[in-house]
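> sequence-free structure coming up:
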Ligand SMILES: Cc1cc2nc3c(=O)[nH]c(=O)nc-3n(C[C@H](O)[C@H](O)[C@H](O)COP(=O)(O)O)c2cc1C
């Protein structure tokens with residue numbers, strides 16, 4: 001512990017909240033963040049989070065039980081707010097006494113935060129604007145993640161460095177704020193901790209760890225890629241408010257553009273309602289990510305990755321990645 005004394009001093013509130021040694025979350029990644037990676041992260045002193053975007057209640061039930069069999073340390077569950085079975089998924093978390101639930105993908109629907117608090121779960125929320133962050137923290141959110149557009153997966157329009165400057169001075173004193181998006185090394189963690197963050201969340205950096213079940217071809221694509229290969233999807237039709245996704249450029253990127261045109265065309269012909277159109281787009285992403293992560297189809301599948309992908313050059317055990325990040329963070333703080 002003494003090895004990371006300065007880092008741990010700045011991470012203390014975050015680590016106390018998570019119940020972990022280091023205040024480093026591995027953000028939920030659909031298909032990737034399952035029992036193996038999640039338990040490895042928590043066992044390495046971080047905080048793993050199960051991705052449940054593509055799961056139904058039965059699968060989540062099994063995944064939580066299996067994760068508990070692999071670690072006795074705390075971990076969380078990430079629920080997508082627009083999931084049609086959100087209430088049932090929360091009930092599964094309640095049955096397992098899940099300590100932390102991350103609500104991602106939009107404003108939590110009425111009653112969801114209360115339902116989590118009712119069984120004693122802590123609620124972690126995302127907010128794209130300061131006003132919404134304040135509102136969510138007032139109405140039951142226990143901690144906040146701010147995530148910049150450098151991140152892999154679904155992204156907002158603002159960079160991590162700007163979000164950090166906007167949110168941390170306003171919130172850091174009274175609230176627990178974790179910073180995510182584009183973090184690949186410990187020096188960056190040190191910087192955000194000094195600005196008032198109580199911890200950080202990384203995804204891309206952990207996606208290809210030895211313990212990750214991602215297909216070898218998916219991992220190879222990450223090792224070869226540089227920051228400029230991780231591009232945000234483009235919106236082809238102003239009426240179809242598609243949330244941009246950052247992924248490695250491939251044939252699948254073009255297929256997505258065509259998919260948007262197809263869905264927009266159905267909107268034109270009034271064959272589709274807007275909500276259904278958006279749901280179709282989200283189903284497309286879940287399927288495309290599975291193709292790349294599980295089947296290894298790196299041409300047509302979605303290789304969701306953040307700009308820090310250039311710093312992912314080889315397969316390493318989670319413990320080595322975690323130790324490296326902590327050592328870099330500590331060295332940076334000691335140099336100050
Ligand atoms: C392959 C991949 C899949 C992801 N899937 C999800 C998801 O299902 N739910 C979610 O809230 N975030 C998801 N994310 C975002 C991560 O949880 C995390 O916030 C992000 O990766 C942090 O930024 P970084 O990639 O720059 O480290 C995903 C990210 C990646 C790279």
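Nice, thanks for sending it over. Just so it is clear, the structure is predicted and the values come from calculations on it, not from any experiment. Residues are numbered from 1 along each chain as shown.

> Could you count how many residues lie near residue 188?
As a burial measure, residue 188 scores 21 neighbours (other C-beta atoms under 10 Å). All C-beta atoms are positioned from the backbone trio N, CA, C, and that covers glycine.

> Correction: the previous question concerned residue 164.
21.

> of all of the stretch 101-250 of the chain, which residue lies closest to the ligand?
residue 203 (2.0 Å; C-beta to the nearest ligand atom).

> Could you verify my assumption that that residue touches residue 154?
No - in this structure, residue 203 is not within contact of residue 154 by C-beta atoms under 8 Å, at 11.2 Å.

> The stretch 101-250 of the chain: helices as residue ranges?
112-118, 130-138, 160-171, 186-194, 204-207, 216-224 (DSSP state H, counting those that start in this stretch).

> ranking those by burial, who's on top?
Among these, the stretch with the highest mean neighbour count (mean count of other C-beta atoms under 10 Å) is helix 204-207, at a mean of 27.

> residues in contact with that one?
Identification of contacts with helix 204-207 by C-beta atoms under 8 Å, 6 or more residues apart in numbering yields 26, 29, 32, 37, 41, 151-152, 183-184, 212, 214, 219, 222, 230, 305-309, 311-312, 318, 321, 325.

> Just the buried ones from the residues you listed?
Among the contacts of helix 204-207, those buried by neighbour count (16 or more other C-beta atoms under 10 Å) are 26, 29, 32, 37, 41, 151-152, 183-184, 212, 214, 219, 222, 230, 305-309, 312, 318, 321, 325.

> Give me the subset of those that also touch the ligand.
29, 32, 151-152, 183, 305-306, 308 (C-beta under 6 Å from any ligand atom).

> Tell me the residues of the protein that contact the ligand?
Residues of the chain found near the ligand (C-beta under 6 Å from any ligand atom) are 27-30, 32, 51, 53, 78, 104, 147, 150-153, 180-183, 201-205, 207, 304-306, 308.

> Count the residues that sit near residue 44.
26.

> Against the ligand, how distant is it?
As judged by C-beta to the nearest ligand atom, to the nearest Å, residue 44 and the ligand stand 16 Å apart.

> which two of the ones next to the ligand among the buried ones among the contacts of helix 204-207 lie the greatest distance from each other?
Between any two of those, the greatest separation by C-beta to C-beta is 16.9 Å, found for 32 and 183.

> per-residue confidence for the residue of the stretch 101-250 of the chain closest to the ligand?
Looking at residue 203, its pLDDT is 98.

> Spit out the contact partners of it.
Each residue near residue 203 by C-beta under 8 Å, 6+ apart is listed here: 26-29, 151-153, 180, 306.

> hmm, 7 Å instead?
Applying C-beta atoms under 7 Å, 6 or more residues apart in numbering, we find residue 203 in contact with 26-27, 29, 151-153, 306.

> One more: residue 182?
148, 150-151, 160, 306-308 are the contacts of residue 182 under C-beta under 7 Å, 6+ apart.

> My guess is residue 46 contacts residue 20. True?
Yes - applying C-beta atoms under 7 Å as the test, residue 46 and residue 20 come out as touching, 6.0 Å apart.

> Can you give the domain ranges for this protein?
Domain assignment of the chain by automatic domain parsing yields the ranges 2-213+312-335, 221-307.

> before we move on, the earlier item: out of everything not next to it in sequence, what's closest to the residue of the stretch 101-250 of the chain closest to the ligand?
residue 27 (4.2 Å; C-beta to C-beta, 6 or more residues apart in numbering).

> May I have the beta-bridge partners of residue 154?
Legend: beta-bridge partners of residue 154 under DSSP bridges are residue 245.

> And for it, the neighbour number?
Using other C-beta under 10 Å, residue 154 is surrounded by 20 other residues.

> So what touches stretch 65-81?
18-20, 28, 35, 38-39, 42-43, 47-53, 64, 86, 89, 93, 98-109, 124.

> who wins for proximity to residue 267 among the helices of the stretch 101-250 of the chain?
Closest approach to residue 267 among these is made by helix 130-138 (27.3 Å; C-beta to C-beta).

> for that closest one, packing partners?
Helix 130-138 sits against helix 160-171, with contacts defined as 3 or more C-beta pairs under 7 Å, 6 or more residues apart in numbering; DSSP states H and E.

> got the angle for the helix it packs on vs helix 186-194?
Between helix 160-171 and helix 186-194, the angle comes out at 20 degrees (axes from the mean of the first three to the mean of the last three C-alpha atoms, to 10 degrees).
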